[in-house]
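Enquirer: What follows is a predicted protein model with its sequence.
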Amino acid sequence: MQRRKFYLILIFNLLAVLAASRPSVAQTPPPPGGKENVLINLIKTPFKGDFDQMQERRLIRILVNYSRTRFFHDHGRPRGFEYELLKAYEKELNKGVKHYKRVKLIFVPVPFDQLFAALKAGKGDIAAGLTVTAQREKQVAFTQPYIPDVSEVVVHHKAIKSLKKVTDLSGRKVYIRKNSSYVTHLKQLNDRFKEQKLKPIKIVQAQQYIVTEDILDLVNARLFPSPWLITISQKPGSKLCRLSSCGMISS
């Protein structure tokens with residue numbers, strides 16, 4: 001018994017010496033960040049692959065812009081209309097798919113006026129919350145609209161009584177979100193005004209980080225002296241509304 005015990009101790013000692021002399025993977029410190037760094041690099045590296053390649057990568061980068069209704073953080077958690085809509089899409093996309101093959105949607109906030117540039121540069125795979133226009137369709141591919149039948153309306157403070165019809169905008173300043181589809185539409189309206197020998201609308205684009213909800217607050221507080229143009233979900237045919245009677249906002 002003592003001889004057997006001696007052999008066992010000898011074997012254990014030899015194994016310990018061999019283990020100490022060999023380079024151990026566990027002894028090599030992992031790279032800073034580990035998997036997090038890999039994911040960050042994957043998100044930041046420009047990529048312009050199609051949908052099947054996105055599925056292979058198991059990653060779809062969603063370009064969004066911050067606002068109080070569409071994408072924001074509440075107690076550290078992302079919220080908003082665009083977020084909830086796309087999370088539902090992610091759930092549908094992964095229905096019946098094994099866990100290790102599921103696609104993850106990552107939300108990448110960028111300023112509104114940089115959505116197209118970021119998308120074309122490969123910094124994102126989908127840009128959320130954009131209006132379909134003929135000019136934009138020449139540059140990118142759109143999904144089917146998820147908010148159809150919307151109208152663009154003018155919002156102003158209820159104290160302003162002089163706006164009754166579209167032609168009342170002639171010669172006025174109209175503030176719009178920077179690089180929004182409203183620029184194209186107001187220019188088209190100005191072409192109509194020119195034919196009618198009316199003064200053109202003075203189109204003023206708001207500063208880069210001012211979003212629709214901010215402007216509505218400024219209009220309501222009478223800090224914005226001129227009307228503000230937004231897209232709104234309402235019955236076809238309605239052209240003008242006051243702030244107090246406007247419905248759900250969409251940009």
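Expert: Nice, thanks for sending it over. Numbers count the residues shown, from 1 in each chain.
Enquirer: okay, now residue 50: neighbour count?
Expert: Using other CB atoms under 10 Å, residue 50 has 9 neighbouring residues. Glycine gets a C-beta too; all of them are placed from N, C-alpha and C.
Enquirer: and if you look at residue 212?
Expert: For residue 212, the neighbour count with other CB under 10 Å is 24.
Enquirer: how is this structure carved up into domains?
Expert: Domains of the chain are assigned by automatic domain parsing as 43-137, 151-250.
Enquirer: out of the ones you listed, nearest to residue 144?
Expert: domain 43-137 (9.4 Å; CB to CB).
Enquirer: what's the model's confidence in the closest one, averaged?
Expert: Domain 43-137 shows a mean pLDDT of 90.
Enquirer: ok so, going back, can you convert the domains of the chain into JSON lines and add a column each for distance to residue 145?
Expert: Shown next, in JSON lines, are those (distance: least, CB to CB, whole Å):
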{"stretch": "domain 43-137", "distance to residue 145": "6"}
{"stretch": "domain 151-250", "distance to residue 145": "11"}
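Enquirer: Quick check: which ranges of the stretch 101-250 of the chain have low pLDDT?
Expert: Filtered on pLDDT under 70, the stretch 101-250 of the chain yields the residue ranges 224-250.
Enquirer: where do the helices sit along it?
Expert: 115-120, 134-137, 182-195, 212-220 (DSSP state H, counting those that start in this stretch).
Enquirer: Okay, buried residues for the longest one please.
Expert: Residues of helix 182-195 classed as buried under the neighbour-count rule (16 or more other CB atoms under 10 Å) are 182, 183, 185, 186, 189, 190, 193.
Enquirer: Same check on stretch 198-206?
Expert: 200, 201, 203, 206.
Enquirer: In contact with the closest residue to the first one other than its chain neighbours, which residues?
Expert: Right, the one you point to is residue 200. Nearest residue to residue 200, sequence neighbours excluded (CB to CB, 6 or more residues apart in numbering): residue 190, at 4.2 Å. For residue 190, the contact set (CB atoms under 8 Å, 6 or more residues apart in numbering) comprises 200, 201, 203.
Enquirer: Look up how far residue 170 lies from residue 190.
Expert: 9 Å (CB to CB, to the nearest Å).
Enquirer: what is in contact with those two at once?
Expert: 200, 201.
Enquirer: want to throw the helices of the stretch 101-250 of the chain into CSV with distance to residue 158?
Expert: Formatted as CSV, the helices of the stretch 101-250 of the chain follow (distance: least, CB to CB, whole Å):
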stretch, distance to residue 158
helix 115-120, 32
helix 134-137, 34
helix 182-195, 22
helix 212-220, 9
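Enquirer: Let's check: the centremost residue of the protein is which one?
Expert: Centroid check for the chain by CA atoms, centre = their mean gives residue 64 as the closest residue, at 1.1 Å.
Enquirer: Tell me how many other residues crowd the closest residue in space to that residue that isn't next to it in sequence.
Expert: Sequence neighbours aside, residue 71 is the residue nearest to residue 64 in space, at 4.3 Å (criterion: CB to CB, 6+ apart). Using other CB under 10 Å, residue 71 has 22 other residues around it.
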